[in-house]
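# I need the structure of the sequence given here:
(one chain, ligands or ions: 1)
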Amino acid sequence: MQHKKYKFSTAATDFYFGGSFSQLKTIIDQKATVLLTDENVFNAHSKKFKGWRTIVIKAGEAYKIQSTVDDIIDQLIDLETDRKTTLVGIGGGVITDIAGYVAAVYMRGLKFGFIPTSLLALVDASVGGKNGIDVGMYKNMVGVIRQPSFILHDISLLKSLPDKEWINGFAEIIKHACIKDAAMFRELEANDLSVYQKKPKLIAALLQRNAQLKAKVVQEDEFETSVRRLLNFGHTLGHAIENQYALMHGHAVAIGMTYACHISAQLSGFKQTDRVVKVLEQYGLPTYMSFDRQLAFDLLKMDKKREKKEMNYVLLEKVGKGVVKSIPLVQLEKIIQALPK
Ligand code: GLY
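Residues are numbered from 1 along each chain as shown. Next up, the predicted model:
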């Protein structure tokens, strides 16, 4: 197991790469820990949970809401947990988000860590400290920025991951390549999903590279005033259509990235849309979609990246170089209306 520590402004996160669930005992005190997971992960790996106090919730984005948080808090009270308890989220992005959020508010803050079990959680959701819940159609409308104490990678857990979840995670990997890492983009162009699924060392290295890329960006700008904004590439439009059309997060982001490439062609001289679209398709992700442009714009206006009458939109100058442009809402509305179907 390889250990790397990332110091953030308020806390540090220990990353354990190439580890396994069974090593959790060596990282934290089992008696002072509660695990949080969902029914799918629990049923797929029930033996691993033996001996751990575990709260199991229903799986899916539909449960990333305040009433689930209330249920978890009731169970933490029933378990007579105290401020020395560590809460460990074991699951995909919904679980890491809820675990981090509950840990921030319960008794004004518990320590927390993650064993991410999906590709998306390994490269994105577990890293960065933004954790929260959805409110109606609005994704992640309520939440906190607070760093986990540790993140443990156990890629053997991916064996039970359905193909659609592999595809879902590749959207965030392609996003990282687009905004920051042209060499990784070339690696992705040279491979496909089945290559990574067959080669544990190759996927482990790709997951570590992505988690570290994100951790470095967050380290530079934890509270998202500059470079961290780049991580929102594909997410402004993506979030506006995700819950509305019940899309998987990676699908929504892939569609958001496709259209962000078109907007980049208009506003930042980007000339490689075809290359990005090809790589998204190569990993089984959707690109163009016939969605209600007006409804998407109305939801998008409420995005957290809006500042008064302008939206901070992430565009590309070239593959590997993302930029943030402030676009007046009146101009953005016209651009969204005119996007190709
Ligand atoms: N938890 C995901 C992030 O901070 O971006």
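# where along the stretch 101-250 of the chain do the strands fall?
111-116, 130-135, 138-145, 150-152 (DSSP state E, counting those that start in this stretch).
# do you know which of those strands lies nearest Thr54?
strand 111-116 (12.2 Å; C-beta to C-beta). Quick note: C-beta positions are derived from backbone N, CA and C, even for glycine.
# which residues touch that closest one?
Strand 111-116 is contacted by residues 21, 24, 27-28, 85-92, 96, 99-100, 103, 121-122, 125-126, 148-154, 157 when judged by C-beta atoms under 8 Å, 6 or more residues apart in numbering.
# right, and Thr13 touches Pro148 too?
Yes - between Thr13 and Pro148 there is a contact under C-beta atoms under 8 Å: 5.5 Å.
# Neighbour count: those two, which is higher?
Each of Thr13 and Pro148 has its neighbours counted (other C-beta atoms under 10 Å); Pro148 has more, 27 against 23.
# which residues sit in contact with the more buried one?
So Pro148 contacts Thr13, Gly100, Phe112, Gly113, Phe114, Ser126, Gly129 (C-beta under 8 Å, 6+ apart).
# Close to the ligand: what parts of the stretch 1-150 of the chain are there?
Ala125, Gly128, Gly129, Lys130, Asn131 (C-beta under 6 Å from any ligand atom).
# bridging residues for Ile115?
Assessed by DSSP bridges, Ile115 has beta-bridge partners Ile90.
# Quick one: neighbours of it, just the number.
31.
# Repeat that for Phe15.
Neighbour tally, Phe15, other C-beta under 10 Å: 21.
# do the one 10 residues further on as well
For Lys25, the neighbour count with other C-beta under 10 Å is 12.
# State the three-state secondary structure for Val34.
The three-state assignment at Val34 reads strand, by DSSP: H, G, I helix; E, B strand; the rest coil.
# Isn't it up against Thr85?
Yes - under the criterion of C-beta under 8 Å, Val34 makes contact with Thr85 at 5.9 Å.
# Overlap in contacts, the two.
Counting by C-beta under 8 Å, 6+ apart, the shared contacts of Val34 and Thr85 are Leu76.
# and the residue in the stretch 1-150 of the chain positioned nearest to the ligand, what is it in contact with?
Residue nearest to the ligand within the stretch 1-150 of the chain: Gly128 (2.4 Å; C-beta to the nearest ligand atom). Going by C-beta under 8 Å, 6+ apart, Gly128 touches Ile145, Gln147, Lys214, Ala215, Val218, Arg228, Leu231.
# if we go to 10 Å?
The neighbourhood of Gly128, defined by C-beta atoms under 10 Å, 6 or more residues apart in numbering, consists of 8, 13, 100, 145, 147-148, 211, 214-215, 217-219, 222, 224, 228, 231.
# Pairing partners for the worst-scoring helix or strand of the chain on mean pLDDT, with directions?
Counting by mean pLDDT, DSSP states H and E, the chain has its least confident helix or strand at strand 306-307, which shows a mean of 80. Taking DSSP bridges as the criterion, strand 306-307 forms sheet pairs with strand 310-318 (antiparallel).
# following the partner strand, which helix or strand shows up next?
Going down the chain from strand 310-318, the next helix or strand is strand 321-328, by DSSP states H and E.
# who touches both of Thr13 and Pro148?
Gly113, Phe114, Ser126, Val127, Gly128, Gly129.
# which one of those residues sits closest to Ile335?
Proximity of the shared contacts of Thr13 and Pro148 to Ile335 (C-beta to C-beta) peaks at Gly128, which lies at 28.4 Å.
# Dihedrals phi and psi, that closest one?
For Gly128, the backbone dihedrals are phi 120, psi -20 (criterion: degrees, to the nearest 10).
# Number the chain from 58, please
New numbering, starting at 58: the last item is Gly185.
# can you pull the pLDDT of it?
pLDDT for Gly185: 98.
# quick one: it from Ser325, how far?
25 Å (C-beta to C-beta, to the nearest Å).
# Next: Phe227.
According to C-beta to C-beta, Phe227 stands 24 Å off from Ser325.
# Ser183 too?
30 Å.
# Compare those two (neighbour count), which wins?
Counted by other C-beta under 10 Å, Ser183 and Ser325 do not tie: Ser183 has more neighbours, with 33 against 16.
# residue contacts, that one?
Counting by C-beta under 10 Å, 6+ apart, Ser183 has contacts 70, 72, 146, 148-150, 152-154, 156-157, 170-175, 177, 205, 208-210, 268, 271.
# go again using 7 Å as the cut-off
Counting by C-beta atoms under 7 Å, 6 or more residues apart in numbering, Ser183 touches Thr153, Phe171, Pro173, Ile208.
# Quick one, grab the pLDDT at Ser217.
Taking Ser217 on its own, its pLDDT is 85.
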